[in-house]
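In: dropping a prediction and its sequence here:
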Amino acid sequence: MKRNVASMLMPDDPVMREAIEAMKRYHQAQEAGEADVEVERLRLTAEQLFQSISDYQLAALGHQPLVRH
């Protein structure tokens, strides 16, 4: 993988848009008074997507991933 800013995800990247939409769905569910289980599921989905983006961008900049055993 090329390790520079050009290899990072940009705001219009489909993965970034998916994460933003997941966050919007989470906030809409909170405002609509959805069941706690559904709100938590949406929160975890959004959090996982943003964490994946963060991990990818750190790797693109040359940072070594943390290995947890």
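Out: Perfect, thanks for sending it.
In: from here on, contacts and neighbour counts on C-alpha atoms
Out: Fine.
In: point out where the chain drops to low pLDDT.
Out: Within the chain, the set of residues satisfying pLDDT under 70 comprises 1-9, 65-69.
In: quick one: contacts for the closest residue to residue 43 other than its chain neighbours?
Out: Leaving aside its chain neighbours, residue 43 sits nearest to residue 26 (5.6 Å; criterion: Cα to Cα, 6 or more residues apart in numbering). Contact analysis of residue 26 by Cα atoms under 8 Å, 6 or more residues apart in numbering lists 39, 42, 43, 46.
In: in terms of helices and strands, where is the first one?
Out: This means residue 39. helix 36-60 (DSSP states H and E).
In: again, but for residue 24
Out: Going by DSSP H and E, residue 24 is in helix 14-32.
In: buried set for that helix?
Out: Neighbour-count burial for helix 14-32 flags 15, 16, 19, 20, 22, 23, 25, 26, 29, 30 (criterion: 16 or more other Cα atoms under 10 Å).
In: tabulate those (CSV), appending distance to residue 50.
Out: Listed next are the buried residues of helix 14-32 as CSV, based on distance: Cα to Cα, whole Å:
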residue, distance to residue 50
15, 9
16, 8
19, 6
20, 8
22, 9
23, 9
25, 14
26, 13
29, 18
30, 19
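In: what is the nearest of the residues you listed to residue 54?
Out: residue 16 (10.3 Å; Cα to Cα).
In: most centrally placed residue in the chain?
Out: Most central in the chain under Cα atoms, centre = their mean is residue 50, positioned 1.5 Å from the mean C-alpha point.
In: any idea how far the residue nearest to that one when sequence neighbours are not counted is from residue 27?
Out: Excluding its sequence neighbours, the residue lying closest to residue 50 (Cα to Cα, 6+ apart) is residue 19, at 6.0 Å. Going from residue 19 to residue 27 by Cα to Cα, to the nearest Å gives 13 Å.
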